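In: Only the shape, not the letters, is given here:
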């Protein structure tokens, strides 16, 4: 017990008890706390806890350089990235449900998969652009039912995956207006 002061160099502490605090200049919000299998660093309401199960942070994380992680990363709040984020194969960014995620397709690592438990809403303030060699529409079972074919004549196929005209429909058409 008592006060330990150090002006420079290394100070060593031994026999620090469970729930012992090293407090900065009497400021109880700025401290290092030692407890069973845990070291916590607190400063101004932010905290970093190093435990046997990992690293827990309350507050912002700022890093320059690369951050590498294996295992799960979970966050509450907003994340932002300057530069880029690389998602390796067999990795998912999951949103609240294991069935709602963004991932790299394991069968074709150049493909991006966006999946949702329920609906996916694309709601831009301006235009929505879908760009690709072909734009395919598939049902929940994965069967293709419509396609914008940019390989050949640039046709739209409904009920066919190989339209031979600008519009080809396989099946009945119901209209309430004129077709000219």
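Out: Looks like it arrived, so ask away. If you're wondering where the values come from, they're calculated on a predicted model, not measured in any experiment.
In: What helices and strands are in contact with the helix or strand containing residue 148?
Out: Applying DSSP states H and E as the criterion places residue 148 in strand 144-149. In terms of contacts (3 or more Cβ pairs under 8 Å, 6 or more residues apart in numbering; DSSP states H and E), strand 144-149 is packed against strand 134-138, strand 156-158. For glycine as for every other residue, the C-beta is placed from the backbone atoms N, C-alpha and C.
In: Could you list the paired strands of that strand along with their orientation?
Out: Strand 144-149 has these partner strands in its sheet, going by DSSP bridges: strand 134-138 (antiparallel), strand 156-158 (antiparallel).
In: returning to what we had before: among the helices and strands packed on strand 144-149, which is the most enclosed?
Out: The highest mean neighbour count among these, using mean count of other Cβ atoms under 10 Å, belongs to strand 156-158: a mean of 18.
In: And that one, how far out from the chain middle?
Out: 34 Å (Cα atoms, centre = their mean, to the nearest Å).
In: And for stretch 147-162?
Out: Counting by Cα atoms, centre = their mean, stretch 147-162 is centred 33 Å from the centre of its parent chain.
In: quick one: terminal-to-terminal distance for that stretch?
Out: Stretch 147-162 has its terminal residues 8 Å apart, counting by Cα to Cα, to the nearest Å.
In: Buried residues of it, list them for me.
Out: Along stretch 147-162, these residues count as buried under the neighbour rule (16 or more other Cβ atoms under 10 Å): 147-149, 155-157, 160.
In: Quick one: the strands in this structure, in order.
Out: Assigned strands in the chain, in chain order: 20-24, 27-35, 38-43, 46-51, 54-58, 92-95, 97-104, 112-115, 134-138, 144-149, 156-158, 167-169 (criterion: DSSP state E).
In: Who are the contact partners of the residue lying closest to residue 159 once chain neighbours are set aside?
Out: Among residues not flanking residue 159 along the chain, residue 170 sits closest, at 3.5 Å (Cβ to Cβ, 6 or more residues apart in numbering). By Cβ atoms under 8 Å, 6 or more residues apart in numbering, the contact list for residue 170 reads 157-160.
In: which of those lies closest to residue 180?
Out: Set against residue 180, the nearest of the contacts of residue 170 by Cβ to Cβ is residue 158 (19.2 Å).
In: Beta-bridge partners for the closest one, please?
Out: residue 146, residue 169.
In: Distance check, it against residue 173.
Out: 9 Å (Cβ to Cβ, to the nearest Å).
In: can you check residue 133 too?
Out: 27 Å.
In: Quick test: name the residue nearest the centre of this structure.
Out: Compute the mean C-alpha point of the chain, and by Cα atoms, centre = their mean the closest residue is residue 93, 3.8 Å away.
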